[in-house]
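In: with the input below, show me the fold.
(chains A, B, C and D)
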There are 2 protein chains.
Amino acid sequence: MDRTAPAQAAPAQAAPAQSLTARRKAATQLEIARAAAVLFTEHGADQVTAEAIAASAGVSLRTFYRYFRTKEDAVGPLLAGGADAWQQALAATTGDPIAAIPAVIEAQLTPRDDLAREGLRWTRGLLRAAVDDPALLTVWHRVNHDSESRLQRIIAGLAGDAADDFEVRLAATAATDAVRIGLEAWAAGAGPDTGPGSPADLATRAFAQLSRGIALVPEPTGG
Amino acid sequence: MDRTAPAQAAPAQAAPAQSLTARRKAATQLEIARAAAVLFTEHGADQVTAEAIAASAGVSLRTFYRYFRTKEDAVGPLLAGGADAWQQALAATTGDPIAAIPAVIEAQLTPRDDLAREGLRWTRGLLRAAVDDPALLTVWHRVNHDSESRLQRIIAGLAGDAADDFEVRLAATAATDAVRIGLEAWAAGAGPDTGPGSPADLATRAFAQLSRGIALVPEPTGG
DNA sequence: GCCCTTGTGGCACAACGTGCCACTATGTCA
DNA sequence: TGACATAGTGGCACGTTGTGCCACAAGGGC
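Out: Prediction:
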C-alpha cells in the first residue's frame, strides 16, 4: 500500500464497493483518523503518543506508521473533508472557472446527508483544536497547500492555454483561501451548517471578494 | 532566553547595538540559521541531522534546541526575511490600510542595500528547496501563518471599530498571500531583485487583484 | 574582589519514524 | 480442496528527535 495517497485522496466517508481488502484498509484508516481526532481534541496533540492512537484504533504501532507518515497526519483525511469533492466537481464544469467556482463551493460545502454533516462536525472540532496547537495547524496548512496545488492544475486545464499562469495561481489561491477562511470563521463561531453563517455561505462570500480583480483570460481591451 | 520570539521577530540582519550578550545571541542564531540553510539546500532537510547543523554552526546539540524548537525551524528567520519589516511599516501608516499596503509592500520588498539583497538570495534558495521538501514547506507555511496573524491585528487596529472582522481577515489574507505568491513565483523563475518580475512587482500586482473586492468599512450606500 | 543572572554543554530518557523479517489472510489457479 | 503468489500486519532493533536536569563558565552590577 502506498501511504501518502489515501491520506489525501481518500474521502473520509466510506468507499462504495471494492475488494474486501480495500474496504478493510479504508475502514482501518478512518478508524485511526477518528481515534487520533478524539485523543488530540481531548488532550492536545503533543500529549498523545502515536502508540496511544494505534492502541485506540486497535492496530499496532508499526501498522499505524504504514497508514500515516507522522502522528499528526492521522487527522489529515478528516481535515481534508470535502476538499476533493468540490475540486472534482469543478473539474467537471466547462467555461470560465472563476464563474463556476461559487456555485460549486456552495453546492459541495452544503451538507446534503448525515454523512456530510458528521464530516463537518469532525472538521469543526479539529479546527477549533488546531487554533492553539502548532502540530495540528501544520496538518491544516498542508491540507490547504495540497488543495491549492491540485486546484491550480484543474483551473489551468479549464482555462486553456490562453490563461496567464500568474492569474491561474491567483485564482487557485483565492478559491482555496475562501474555503479555508470560510471553514475557519465558521469553526471559530457558532454558525449553522446551512444558510447564513454556514461554511458554504462564508466561503462563497470570501471568494466573491477575493476574486473580483481576477480575470483568467486577457481582457479584450478595444479589439 | 525564550526560544520562539527570536525565531519569528528577530530580523535576519544583524541587530544594531545592544548588550554584548544580546549581540552574541543574535549572531549565534543567524549562524545556526545559515548553517541549516546551506545543509538543507545541499542535501535535503531529511538527510541532515540536527547534530550536523549544530556542529556546522559551532554549538552543541543542546544549545541548538535552545534556539529552535525543531530542526526545520532553524531556517525560519531566513524565510521570514523582511516580513516583520513591512508589517511594522504598515503599522506606522494612517488612513485606509488597503490603500496603504501596496506602497508599503513595494518599498519594503525592494532591496535597498547589500544586506537586503543577501537576504533575498537566502530566501530564493530556501524557497526553491522547499518546493519539493515537505519539511521545509511546513516552515514556510508557519512563517506565512504567523505573518497573517500579526497582519490581522495590525489592520484591525488601523481600520478601527467600524471595520468588519471578516473583511479584516480577508484583507490580511490577501496581503499575506500576495507577498507569498510574489516570492514563490519570483523564486521559481529567474526574475530580478527590482523592477518588473521582482518580488515587489509580483506581490503588488497580486495584491491589487486579490484586494479589489475588499472594503474594510461599510460602503456608504446612499447616505 | 563577590554575587547574581544568563547562556552553554553533557547526560539520560521518552518518543518518533523506519528497515527488516516472520506470520497470516486474501485471492487465484489447478 | 490444496498449492501458490500477493499483500497487510506485528514485533524487534535502531538511529534520530526533542526535553528535563544538573554543573560549569562568562557577562554585568555592587
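In: which residue ranges of chain A form helices?
Out: Listed in chain order, the helices found in chain A under DSSP state H are A:4-9, A:20-43, A:50-57, A:61-67, A:76-80, A:83-91, A:97-109, A:114-130, A:134-159, A:165-188, A:199-210.
In: break chain A down into its domains, please.
Out: A:4-74, A:81-210 (automatic domain parsing).
In: excluding sequence neighbours, find me the nearest residue to the residue most central in space within chain A.
Out: Nearest to the mean C-alpha position of chain A, counting by CA atoms, centre = their mean, stands A:A80 at 2.8 Å. Leaving aside its sequence neighbours, A:A80 sits nearest to A:V143 (CB to CB, 6 or more residues apart in numbering or on different chains; 5.0 Å). Using the backbone N, CA and C atoms, a C-beta is placed for each residue, glycine as well.
In: circling back to that earlier point, just checking, the residue nearest to the centre of chain A touches A:H145?
Out: No: between A:A80 and A:H145 there is no contact under CB atoms under 8 Å: 11.3 Å.
In: how about stretch A:83-98: buried residues?
Out: A:A83, A:D84, A:A85, A:W86, A:Q87, A:A89, A:L90, A:A91, A:P97, A:I98 (16 or more other CB atoms under 10 Å in any protein chain shown).
In: contacts only, for the fourth one.
Out: What it means is A:W86. A:V104, A:I105, A:A107, A:Q108, A:L109, A:V179 (CB atoms under 8 Å, 6 or more residues apart in numbering or on different chains).
In: make a PyMOL selection of the buried ones in those.
Out: Remark: buried members of these, expressed as a PyMOL selection using 16+ other CB under 10 Å:
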select buried, chain A and resi 104+105+108+109+179
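In: of all the contacts of A:W86, which two lie farthest apart?
Out: A:A107 and A:V179 (12.8 Å; CB to CB).
In: nearest to DNA strand D, of the helices of chain A?
Out: helix A:61-67 (2.9 Å; CB to the nearest atom of the strand).
In: and for A:S19, the neighbour number?
Out: 8 (other CB atoms under 10 Å in any protein chain shown).
In: could you do A:R69 as well?
Out: Residues near A:R69, counting by other CB under 10 Å: 14.
In: pLDDT score for it?
Out: A:R69 is assigned 95 on the pLDDT scale.
In: now A:A36
Out: At A:A36, pLDDT is 97.
In: what does chain A have sitting close to DNA strand C?
Out: A:19-21, A:48-51, A:61-62, A:65, A:69-71 (CB under 7 Å from any atom of the strand).
In: can you lay out those as a markdown table showing distance to chain B?
Out: Output for the residues of chain A next to DNA strand C, formatted as a markdown table (distance: CB to the nearest CB, whole Å):
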| residue | distance to chain B |
| --- | --- |
| A:S19 | 30 |
| A:L20 | 33 |
| A:T21 | 28 |
| A:V48 | 18 |
| A:T49 | 18 |
| A:A50 | 17 |
| A:E51 | 21 |
| A:L61 | 21 |
| A:R62 | 20 |
| A:Y65 | 15 |
| A:R69 | 8 |
| A:T70 | 10 |
| A:K71 | 14 |
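In: give the PyMOL command for selecting the buried subset of the residues you listed.
Out: Typed into PyMOL, the line below selects the buried ones among the residues of chain A next to DNA strand C, using 16+ other CB under 10 Å:
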select buried, chain A and resi 48+50+65+71
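In: with respect to B:D133, which of the residues of chain A next to DNA strand C is nearest?
Out: A:R69 (13.7 Å).
In: about what we covered before: just name the most buried of the helices of chain A.
Out: helix A:76-80 (a mean of 25; mean count of other CB atoms under 10 Å in any protein chain shown).
In: any idea of the mean pLDDT in that helix?
Out: On average, helix A:76-80 scores 94.
In: and that helix, how far from the chain's centre?
Out: Computed by CA atoms, centre = their mean, to the nearest Å, the chain-centroid distance of helix A:76-80 equals 6 Å.
In: one more: stretch A:51-70?
Out: With CA atoms, centre = their mean, you get 22 Å for stretch A:51-70.
In: need the distance between the two termini of it.
Out: 12 Å (CA to CA, to the nearest Å).
In: how about it, does it reach DNA strand D?
Out: Yes: using CB under 7 Å from any atom of the strand, a contact is recorded between stretch A:51-70 and DNA strand D, made by A:G58, A:V59, A:S60, A:L61, A:R62, A:T63, A:R66, A:Y67.
In: just curious, which of the contacts of A:W86 is nearest to A:V139?
Out: A:V179 (15.9 Å).
In: let me see the confidence value for the closest residue in space to the closest one that isn't next to it in sequence.
Out: Excluding its sequence neighbours, the residue lying closest to A:V179 (CB to CB, 6+ apart) is A:A203, at 4.8 Å. The model reports A:A203 with a pLDDT of 97.
In: distance of A:A92 from B:Q87?
Out: Distance, A:A92 to B:Q87, by CB to CB, to the nearest Å: 41 Å.
In: cool, and A:T204?
Out: 29 Å.
In: again with A:D165
Out: Distance from A:D165 to B:Q87, by CB to CB: 28 Å.
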